[in-house]
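# coordinates for the following, if possible.
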Amino acid sequence: MRSNLARAAEHFGVTVAGEPVFGWRLRSASAPANSPDGCHWLRVVSEQIQWAQGDWWTGNTDANTITGIHKPHVVDVVEWEIPEVRRQRAELMTYVPGRPCSGSDALRADVDLPSGWWSELRRSLDVIRVTPTARIRKDEPAIRKAVRDALGVSIELREWETVHGDLHWANLLQPEFGILDWELWGRGPVGTDAASLYCYSLLAPRTAATVWDAFADVLDTPTGTTALLYVAARLQHRVDMGDHPELAAPLRHLVDELAT
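Below you'll find the predicted structure:
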């Protein structure tokens, strides 16, 4: 991945200016990069050729259509292959200042953020939810099957909106608000983003309570319950794969509460 990052930097005529940040299971590498135009963010994702396609593959670039919120903008793209093995996609983006609210998806200690940050989060999700797109985060049959397989419950999906699709604490910046990682955005069940942030906050109860208060009008509704079950199923699948094992108990408790 370091070699991929160096190759992309040479192609774009930029210089990697910091230690790379590696994504989930080393499938991506990112770093700040300097150019004559100023600071950018350089990201390379690597995938087996048969999976290097579809909405997720172009998500960051497709998200250029979303305006009015604080997020990266892709300014250039290049792809190359290791024949019959893997495909690499490099994206040069605008640099969004700030630091992630957490070093991992799940928040493990409460984070103190000003009221203005929470207001900007709510405003940004409101902008996203009304953004028209043909992209789909996951279709209804797949969602219903995932919930049934992971939690043993059935859900009905009646209301949809545009969602970021992977809203967790490593994708949110502070002290100045920003949202990163737009691979998975698209149409999803109403409340998906609020539910995601709440479920990823379960190990930090005070912050979880703040998330609930900020989005109570979304989460404390039948559609909110559906979104919470969908996200809990998705995270339970991650737990089953070995990620965030400490989330297993609070997720089970949440599901039991929602089922009563």
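# what sits up against the helix or strand containing Trp212?
According to DSSP states H and E, Trp212 maps onto helix 205-214. Residues from elsewhere that reach helix 205-214, judged by C-beta atoms under 8 Å, 6 or more residues apart in numbering: 107, 110-111, 118, 121-122, 194, 197-198, 201-202, 219-220. For glycine as for every other residue, the C-beta is placed from the backbone atoms N, C-alpha and C.
# now do 7 Å
Helix 205-214 is contacted by residues 107, 110-111, 118, 122, 197-198, 201-202, 219 when judged by C-beta atoms under 7 Å, 6 or more residues apart in numbering.
# check stretch 70-77 too.
12, 41, 60-61, 63-64, 89-94, 96, 177-180, 182.
# and the helix holding Trp212, how far out from the chain middle?
How far helix 205-214 lies from its chain's middle: 19 Å, per C-alpha atoms, centre = their mean, to the nearest Å.
# same thing with stretch 109-121?
The mean C-alpha position of stretch 109-121 is separated from the chain mean by 18 Å, C-alpha atoms, centre = their mean.
# endpoint to endpoint, that stretch covers what distance?
End-to-end distance for stretch 109-121, by C-alpha to C-alpha, to the nearest Å: 19 Å.
# and if you look at stretch 59-70?
Taking C-alpha to C-alpha as the criterion, the two ends of stretch 59-70 lie 16 Å apart.
# how about the helices of the stretch 51-200 of the chain, start to end?
59-62, 115-129, 140-151, 192-199 (DSSP state H, counting those that start in this stretch).
# next, format those as TSV and append mean pLDDT, distance to Glu257 and mean neighbour count.
Shown next, in TSV, are the helices of the stretch 51-200 of the chain (pLDDT from 0 to 100; distance: least, C-beta to C-beta, whole Å; neighbours: other C-beta atoms under 10 Å):
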stretch	mean pLDDT	distance to Glu257	mean neighbour count
helix 59-62	98	33	20
helix 115-129	98	24	16
helix 140-151	95	13	16
helix 192-199	98	12	28
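# now tabulate those in TSV and tack on distance to Ser3.
Output for the helices of the stretch 51-200 of the chain, formatted as TSV (distance: least, C-beta to C-beta, whole Å):
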stretch	distance to Ser3
helix 59-62	21
helix 115-129	35
helix 140-151	35
helix 192-199	33
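# for Glu81, find the nearest of these.
Among the helices of the stretch 51-200 of the chain, helix 59-62 comes nearest to Glu81, with 18.2 Å by C-beta to C-beta.
# what lies in contact with that closest one?
Residues contacting helix 59-62 (C-beta under 7 Å, 6+ apart): 74, 77, 91, 135, 182-185.
# next one: it to chain centre, how far?
That offset, for helix 59-62, works out to 13 Å (C-alpha atoms, centre = their mean).
# same check on stretch 214-226?
20 Å.
# for the helix holding Trp212, buried residues please.
Neighbour counts using 16 or more other C-beta atoms under 10 Å place 207-208, 210-212, 214 of helix 205-214 among the buried residues.
# from those, which is closest to Thr260?
Distance to Thr260, by C-beta to C-beta, is smallest for Trp212 among those, at 17.2 Å.
# quick check: pLDDT value at that closest one.
Looking at Trp212, its pLDDT is 98.
# could you do Ala170 as well?
For Ala170, the pLDDT comes out at 96.
# what's near enough to touch it?
Contacts of Ala170 by C-beta under 7 Å, 6+ apart are 100, 102-105.
# any of the residues you listed buried? List them.
100, 102, 105.
# please name the residues that touch the second one.
So the one you mean is Ser102. 169-170.
# please consider this matter closed, and thank you.
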